[in-house]
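J.: Give me coordinates for this.
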Amino acid sequence: MLDISNNQSGLNIDLSKYKSGKAVLYRKHFKYFNRFLVGFAVILFIFMFLPWTQNITGNGSVTTLTPDQRPQTLQSPIPGKLEQWFVREGDFVKKGDTILRISEIKNEYLDPDLVERTSRQIDAKEASVISYSSKIGALDGQIDALQSERGLKFNQAQNKLKQAGLKVKADSADLVAARTNLRIAQTQYKRSETLQDEGINSLADLESSRLKLQETEAKENAQEQKLLQSRTDILIASVELGRINQEFAEKVNKARSEQFSAQSNQFDTEAQVSKLLTDRSNYQIRIGLYFITAPQDGYINKAIIGGIGETLKEGQALVNIMPSNYDLAVETFVEPLDLPLMHLGEKVRVQFDGWPAIVFSGWPNVSYGTYGAKVIAVETFISPNGKYRILLAPDEDDHEWPVALRPGSGTYTIALLEDVPIWYELWRRSNGFPPNYYQPEMKDDASKK
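T.: Next up, the predicted model:
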């Protein structure tokens, strides 16, 4: 029915007398809801001022603390052929244990007596070195003998030269005497000829004077020839001195040339001996390379080359071995934006794959199942995945890491930074700001000073 009357009949109705009116007008749930909203707002406001630990999360894996403790692959040091395996996958080997044996495939190393034959060559070459040394000594003696002989012959030639000089002096004196006798004979002959013309001397005296003059002239000519011969002997003796020097110089130079040739051959042979010694050492070392041994105690993980008779290249991977003694560590990766926040010694929480954990990244003390670690190395060059690598070691002040943990397991890391209010952290994340950049406090006195 339409209410078109001027009378307001609805104002006089008391709805509280009816059950439906009581159910609608006197409900109290909205009051509880309002109280809940007020309480929730107060709790949320208080919650916003609770401390929150800023952190950097990352994914990584378990590794070892030092490079020599990580799994390694043994390569073939020489090209060869696989002959025999001495281990199986999963076996434990000690340092020096033989893992496998290979054989030669190169023609220059196939001779089984190669080392012995090389030793014989070395002995022969060493004997040649001794022979050359003896020859050099003999040539030294020959040179000394030639120099002694040269001295003797040179002295002999000098004596002949002195004798020739003395003979020249004697012949010169004899020539002067002969010429004096010639002048006397000529004077006597002229006197005899004058006396014969005057009739004082006979013709026989004149003939006797003439004969004596001729004899004196002959003696003077003979003495002059003798002097010329003596002077010629001086020239011959002088030439002989030069010839002796030249002859023995040639002989000594020839002996020295042979000596230098012997020395050159000796040095060349010594070089060959040295090369053969090196070859023999290389052959002996190469024989030792036929056996691939364990570099340290560990377990055989995987045989990369398995078939007997397979040929191997130099440097080809043969077997993978895992050291038995190792110190666990964790490698994780952080974004380049977070790299300035990472410092040596910083605390990090680690969650390992396979170990149950309840993680509250902002409240590390409330988390369960995480383990303590600290930063020991920060990589200074970016990794291929576009992040920087961080190496973590166990924290001695925290719980020990699980004994059953093995290298290669996955990890989830939480690097702990500064404590800030929750409202600040929400504001930072909503605006995309990085965590607070800071420097760690120096604990030593020198750094504080």
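J.: From here on, just use CA atoms for contacts and neighbour counts.
T.: OK.
J.: secondary structure class for Phe381?
T.: coil (DSSP: H, G, I helix; E, B strand; the rest coil).
J.: Apart from its chain neighbours, what residue comes closest to it?
T.: Tyr388 (6.8 Å; C-alpha to C-alpha, 6 or more residues apart in numbering).
J.: residue contacts, the one you found?
T.: Phe333, Val334, Glu335, Pro336, Leu339, Val378, Glu379, Thr380, Phe381, Ile382 (C-alpha atoms under 8 Å, 6 or more residues apart in numbering).
J.: What's the local residue count around the third one?
T.: The burial count assigned to Glu335 is 16, neighbours taken as other C-alpha atoms under 10 Å.
J.: and what of the first one?
T.: By other C-alpha under 10 Å, the residues close to Phe333 number 23.
J.: Dihedrals phi and psi, it?
T.: phi -130, psi 140 (degrees, to the nearest 10).
J.: what residues are up against it?
T.: Per C-alpha under 8 Å, 6+ apart, neighbours of Phe333: Gly58, Asn59, Gly60, Lys387, Tyr388, Arg389, Ile390.
J.: And the second one, by the same measure?
T.: For Val334, the contacting residues are Ile56, Thr57, Gly58, Lys387, Tyr388, Arg389, Ile390, taking C-alpha under 8 Å, 6+ apart as the criterion.
J.: Specify the beta-bridge partners of it.
T.: Val334 has these beta-bridge partners by DSSP bridges: Tyr388.
J.: any idea of the pLDDT on it?
T.: We have a pLDDT of 87 for Val334.
J.: So Arg88 versus Ile292, what's the distance?
T.: Per C-alpha to C-alpha, to the nearest Å, Arg88 is found 14 Å from Ile292.
J.: more crowded one of the two?
T.: Ile292 (22 against 13).
J.: what's next to the helix or strand harbouring that one, contact-wise?
T.: Take DSSP states H and E as the rule and Ile292 turns out to sit in strand 291-293. Residues from elsewhere that reach strand 291-293, judged by C-alpha under 8 Å, 6+ apart: Ser76, Lys95, Gly96, Asp97, Thr98, Ile99, Leu100, Arg101, Ile102.
J.: Buried subset of those residues, written for ChimeraX?
T.: In ChimeraX, this line selects whichever of the contacts of strand 291-293 come out buried by 16 or more other C-alpha atoms under 10 Å:
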select :76,97,98,99,100,101,102
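J.: residue contacts, Asn59?
T.: Counted by C-alpha under 8 Å, 6+ apart, Asn59 has contacts Thr332, Phe333, Gly410, Thr411, Tyr412, Thr413.
J.: of those residues, buried ones?
T.: For the contacts of Asn59, buried by 16+ other C-alpha under 10 Å: Thr332, Phe333, Gly410, Thr411, Tyr412, Thr413.
J.: Could you find the closest non-adjacent residue to Ala303?
T.: Val319 (4.5 Å).
J.: okay, now the one you found: neighbour count?
T.: By other C-alpha under 10 Å, neighbour count at Val319 equals 21.
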